[in-house]
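Undergrad: the sequence isn't on hand, but the structure is:
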Ligand code: ARG
């Protein structure tokens, strides 16, 4: 690049940088980063024995906060209320294993994706034949209220969908034979299979990609978080956090 081109691109960068300064970063610097999650989704977020919210998302957001030099405050609430809480400014960021969808993109601003996984079917070990959507016809299928998996379950012909406020309750319902199956993230299903020895992943439905979300008008914050994510990837910290939780 010659000097002129360099100058032009530098000033364009300055313009776009200032156009992006919507005050969300400044606000977070002043008041800290309030992060909303639904701690029923291990290993992304769950409650430990002391009722503390722990998980991959928690470690990642804390690492991002550290890079940004801001205080992080994590609050637990119901999953289906996270986007409304974000829009009404009760929280600044959603870190909840949230799947990126075109529908949600209309309401929120997603960061770079941090996890790729699959939506799978889970059943009890005597029902390993529940391996495809067609096999769930006439069966009950559990999923979390407001989740992409609930939407997937609703699309299964002939299945009756049972919605749960918490994924942990949906897993208990499957183990205790109140429902026949679950649609769930593979990684989360693997965790529940460790807690409930009768549960198995029986089939794969679709792929998913997870990201953090901020308000639509917080492009400055999304850029700042993405920069931190890129730094954390370069240093290997993000991989270490994933490894710690995904190998549990
Ligand atoms: N990945 C699914 C979705 O975005 C479910 C996420 C549920 N997260 C949670 N923390 N309970 O709809």
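TA: Great, that's in hand. In this text the structure is predicted, and so the values were computed from the model without any measurement. Numbers count the residues shown, from 1 in each chain.

Undergrad: quick one: residue 230 from the ligand, how far?
TA: Counting by CB to the nearest ligand atom, to the nearest Å, the gap from residue 230 to the ligand is 23 Å. Every C-beta, even on glycine, is put in place using the N, C-alpha and C of the backbone.

Undergrad: kindly report the same for residue 85.
TA: Plainly put, residue 85 is 13 Å away from the ligand if you go by CB to the nearest ligand atom.

Undergrad: hang on, that residue in a helix?
TA: Yes. Residue 85: assigned to a helix according to DSSP: H, G, I helix; E, B strand; the rest coil.

Undergrad: can you show me the helices along this structure?
TA: If DSSP state H is used as the criterion, the helices of the chain fall at 3-20, 24-31, 56-68, 82-87, 102-105, 148-154, 167-175, 186-195, 219-234, 237-246.

Undergrad: which other residues reach the fifth one?
TA: The set of residues external to helix 102-105 that reach it, using CB atoms under 8 Å, 6 or more residues apart in numbering, is 83, 98, 110, 213.

Undergrad: of these, list those near the ligand.
TA: The residues of the contacts of helix 102-105 that also fall near the ligand, by CB under 6 Å from any ligand atom, are residue 98.

Undergrad: quick one: the strand ranked longest in the chain to helix 167-175, angle?
TA: For the chain, the strand with the greatest residue count under DSSP state E is strand 199-210. Strand 199-210 runs at 150 degrees relative to helix 167-175, counting by axes from the mean of the first three to the mean of the last three CA atoms, to 10 degrees.

Undergrad: and the most centrally placed residue in the chain, what does it touch?
TA: Nearest to the geometric centre of the chain sits residue 97, at 1.5 Å (CA atoms, centre = their mean). Neighbour list for residue 97: 41, 44, 45, 57, 115, 185, 188, 210 [criterion: CB under 8 Å, 6+ apart].

Undergrad: what sits against the first one?
TA: By CB under 8 Å, 6+ apart, residue 41 lies in contact with 55, 79, 96, 97, 167, 185, 188.

Undergrad: against residue 163, how distant is residue 153?
TA: 8 Å (CB to CB, to the nearest Å).

Undergrad: mind listing the shared neighbours of the two?
TA: Residues within reach of residue 153 and of residue 163 at once, by CB under 8 Å, 6+ apart, are 142, 143.

Undergrad: right, I'll call it a day here.
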